[in-house]
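# show me how the following folds:
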Amino acid sequence: MNVAQLNKDLNVLVLKGDMITAVTQFFADSSKTIDHDGTIIEGKPGHLKKMEGFLGGIAKVNGITLHDEASGDNISFSEFTFDFDMKDGSEILWHEVLRRTWKDGKVIEETYFLN
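Residues are numbered from 1 along each chain as shown. This is a model prediction of the structure:
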């Protein structure tokens, strides 16, 4: 399957808020994620743990919007807006670009850029 289709399929899960399945299905075991603040998570287990903690803090999903996506040979970009009310009373409104590097049908690196 080509990167464009893999990215579209992954984005469908993100739009549903099913980030755990997205990571489980599409990320390589040795994947790396890089947050907008420079935090690096090495490996799928660490990424899953981080996602579970973050998702567990969400009280309400107000919206997840995919604005655009693009792909090349082994790289893809997805532009999202995430709007969440958190259990601690805070609100998250992120306009974010996700850059994914792919190898053998799996994400090996994902970097988050906030606007």
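# roughly how far does the residue of the chain most remote from its centre sit from residue 59?
Within the chain, the residue lying farthest from the chain centre (Cα atoms, centre = their mean) is residue 89, at 23.0 Å. Applying Cβ to Cβ, to the nearest Å, the value for residue 89 to residue 59 is 8 Å. Bear in mind the C-beta positions are built from the backbone N, C-alpha and C, glycine included.
# what pLDDT does residue 60 get?
You'll see residue 60 listed with a pLDDT of 97.
# quick check: closest non-adjacent residue to it.
By the measure of Cβ to Cβ, 6 or more residues apart in numbering, the closest residue to residue 60 outside its immediate chain neighbours is residue 85, 4.2 Å from it.
# now do residue 91
Closest to residue 91 by Cβ to Cβ, 6+ apart is residue 85, at 5.7 Å.
# do you know how far that neighbour is from residue 22?
In terms of Cβ to Cβ, residue 85 sits 21 Å off from residue 22.
# kindly report the same for residue 107.
Look at residue 107 and residue 22: by Cβ to Cβ, they are 9 Å apart.
# counting neighbours, go ahead and name the busier of those two.
Comparing residue 107 with residue 22 by other Cβ atoms under 10 Å, the one with more neighbours is residue 107, at 26 against 20.
# any idea what the more buried one is bridged to?
Note on residue 107: beta-bridge partners by DSSP bridges are residue 27, residue 102.
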